[in-house]
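Chemist: here is my input; please provide its structure:
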Amino acid sequence: MNASQERIPVEPAVITWAHISAGYRETDIAAERLSVSDATLRSWESGEKQPTIKQLRTMTRVYHRPLAVLLLPESPKDFDPISDFRTMTPGHPRQWSPALTASVQRAES
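Modeler: Next comes the predicted model:
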């Protein structure tokens, strides 16, 4: 097996967390951005299959998350690269678009 085809053990909950926390609420849109099928992304998120290192690197670019975070044993509880000090409606979750999330992250780095 080619090294780029080797499967990397990733906690399924971390993949799901990365996709949602990056602003991709719909799995099919996240899968399209990752250039994989919806079924492939769902199989990673269910633990049925594991991504390759190349696919993980694509996730880091698309989800704007460090590779080390994707390899954590569980999804981060307090990882929030975006600080927003505007007043929000209490109990109303922040739902930024993936493009806005990425733009704010670029501005902060």
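Chemist: from the centroid of this structure, which residue is nearest?
Modeler: Ala18 (2.5 Å; Cα atoms, centre = their mean).
Chemist: list the buried residues of the helix or strand containing Val104.
Modeler: Taking DSSP states H and E as the definition, one finds Val104 inside helix 98-108. Within helix 98-108, the residues that count as buried by 16 or more other Cβ atoms under 10 Å are 98, 101-102, 104. Every C-beta, even on glycine, is put in place using the N, C-alpha and C of the backbone.
Chemist: cool, stretch 49-58 as well?
Modeler: Under 16+ other Cβ under 10 Å, the buried positions of stretch 49-58 are 50-52, 55-56, 58.
Chemist: cool, stretch 58-67 as well?
Modeler: 58-59, 62-65.
Chemist: swap in stretch 32-44?
Modeler: Buried-residue list, stretch 32-44, by 16+ other Cβ under 10 Å: 33-34, 36, 40-44.
Chemist: likewise stretch 16-24?
Modeler: 16-19, 21-24.
Chemist: what sits up against it?
Modeler: Stretch 16-24 has contacts (Cβ atoms under 8 Å, 6 or more residues apart in numbering) with 27, 30, 33, 41, 45, 59, 62-65, 69-70, 75-76, 79, 95-102.
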